[in-house]
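**Q** would you be able to build a 3D model of this:
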Amino acid sequence: MKKYILVFFMALILGLISSIHPVYALNDTASSSIVMDISSGRILYEKNSHSQRLIASTTKIMTCILAIENGNLDDTVQVGEEVLKMYGSNIYLELGEKMTLKDLLYGMMLRSGNDAATVIATYIGKDQETFVEMMNQKAKEIGMRDTIFRNPTGLDDYEENYSTAYDMALLSKYAYQNETYREIVGTEKYRVEGEKLYIWNNRNELLKTYDYATGGKTGYTPRAGHTLVTTASYNGLDLTAVTLNDGNMYLNQEEMYDYAFSNYERITILDKDHFEVSDNYYQDKIYIKNSFQYPLTKEEQEEVTTLLSLTKKTKLKDGDEVGKVEVYLNDEKIHEEPVFVEIKKKRTFWDFLKDLF
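**A** The predicted structure follows:
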């Protein structure tokens, strides 16, 4: 087999250019912070993002996504004695009270109910210890290397949950892929009519003050300070922001989002529907299965190159992988996509005959 490499520049397909977000000189008030692109995982802004800190009730993002993935939202859950030990922010569940798992999740995420969180954890994990093991296992799977969970609530008087802004962005990015999660955290008001009437307003004020906010979770303890993990979408960009120990968290995150939306655009670098490469050997029969988009500044758009590597094969089947295309921003590889060949079966006399009947 003979291998050769062809370097070429792909045409960048530009999205709509935002003109409503001014560029901000950030005055970041958080001890740790980050803005991450949800699709690609690219960090658009960070400050001390790998510094371990207490995370308070943003812990409940993990509790929520685990419950969604491992439970039936329509299940009826009975409140057990675990609720008697809860303090701080609660939705005031009573011993023996029954509520669906779905309603408990809304109470936990909108009102930050510690009692709801511990009831959920006991129901899903059968006991608190097992559920905490599930939390740490999921954190490991997501890549949260600097995170340790010791309870499902974020209370830190006796047990401490530590993470980083970067790790919490990874968790938010992961949870955002789940439609049920997005629906819960994006809800501003929720009503439960069961054994008791509950009306919960979302404590995440960013949903009211920032037009592009789509959800998130607040947190506070005297030791952790104010913590906030949110998501926002504008002009094709879905972003998540994290601020830890930030007394001005809402305004700070608005400015962080405005900075990101003002400076970055989602650019289509590889388009699977318009992947055209002149090659005599494969005769324009190669293709890719996925498009690739990436957030770039205007200056960076001039620094993107693609490198196509193809391998000549004598025996080919339809769908064989015959190479790869690598995408570089300056000298850093940001993506790799396999390249396939299409081999159309030659039509026989019988194929033509079948078409007649």
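
**Q** let me see the contact set for residue 187.
**A** 106, 110, 202 (C-beta atoms under 8 Å, 6 or more residues apart in numbering). Bear in mind the C-beta positions are built from the backbone N, C-alpha and C, glycine included.

**Q** neighbour count added to these, as JSON lines?
**A** Below are these laid out as JSON lines (neighbours: other C-beta atoms under 10 Å):
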{"residue": "106", "neighbour count": "26"}
{"residue": "110", "neighbour count": "24"}
{"residue": "202", "neighbour count": "24"}
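
**Q** from the residues you listed, which is closest to residue 161?
**A** Nearest to residue 161 out of these is residue 110 (C-beta to C-beta; 20.2 Å).

**Q** give me the contact list for stretch 192-209.
**A** Stretch 192-209 is contacted from outside by 91, 97-99, 103, 106-107, 109-112, 185-191, 213, 215-218, 228, 230, 232, 250, 253-254, using C-beta under 8 Å, 6+ apart.

**Q** mind checking which of the residues you listed are in strands?
**A** Residues from those lying in strands, with DSSP state E as the criterion: 98-99, 189-191, 213, 215-218, 228, 230, 232.

**Q** name the member of those residues with the most neighbours.
**A** For the ones in strands among the contacts of stretch 192-209, the largest number of neighbours (other C-beta atoms under 10 Å) sits with residue 217, at 31 neighbours.

**Q** got the domain ranges for the chain?
**A** Listed domain ranges for the chain are 2-15+267-341, 45-210 (source: automatic domain parsing).

**Q** ok so, going back, could you identify the most distant pair in the ones in strands among the contacts of stretch 192-209?
**A** Longest span within the ones in strands among the contacts of stretch 192-209, C-beta to C-beta: 98 and 232, 36.1 Å.

**Q** ok, residue 31 - how many residues close by?
**A** 17.

**Q** where's the nearest residue to it once chain neighbours are set aside relative to residue 144, distance?
**A** Of all residues not flanking residue 31 in the chain, residue 245 sits nearest, at 3.9 Å (C-beta to C-beta, 6 or more residues apart in numbering). Between residue 245 and residue 144 the distance is 18 Å, computed by C-beta to C-beta, to the nearest Å.

**Q** one more: residue 186?
**A** Taken as C-beta to C-beta, the span from residue 186 to residue 144 is 23 Å.

**Q** which of these two has more neighbours?
**A** The neighbour count for residue 186 versus residue 144, taken as other C-beta under 10 Å, is higher for residue 144 (23 against 16).

**Q** so that one makes contact with residue 167?
**A** Yes: counting by C-beta atoms under 8 Å, residue 167 is a contact partner of residue 144 at 3.9 Å.

**Q** where does the protein dip in pLDDT?
**A** 1-25, 279-280, 282-284, 345-357 (pLDDT under 70).

**Q** all helices of it, in order?
**A** Along the chain, counting by DSSP state H, helices occupy 60-70, 101-111, 114-125, 128-142, 165-176, 179-185, 206-209, 249-263, 349-355.

**Q** so which of those helices comes closest to residue 86?
**A** helix 114-125 (4.3 Å).

**Q** and that closest one, what does it pack against?
**A** helix 60-70, strand 76-78, helix 101-111, helix 128-142 (3 or more C-beta pairs under 8 Å, 6 or more residues apart in numbering; DSSP states H and E).

**Q** could I get the ones you listed as a markdown table with distance to residue 53?
**A** Converted to a markdown table, the helices and strands packed on helix 114-125 look like this (distance: least, C-beta to C-beta, whole Å):
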| stretch | distance to residue 53 |
| --- | --- |
| helix 60-70 | 15 |
| strand 76-78 | 32 |
| helix 101-111 | 21 |
| helix 128-142 | 15 |
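
**Q** nearest to residue 181, out of these?
**A** Of all those, helix 60-70 comes closest under C-beta to C-beta, at 5.8 Å.

**Q** tell me how many other residues surround residue 72.
**A** There are 10 residues near residue 72, going by other C-beta under 10 Å.

**Q** thought residue 100 was touching it, still the case?
**A** No: judged on C-beta under 8 Å, residue 72 makes no contact with residue 100 at a distance of 9.2 Å.
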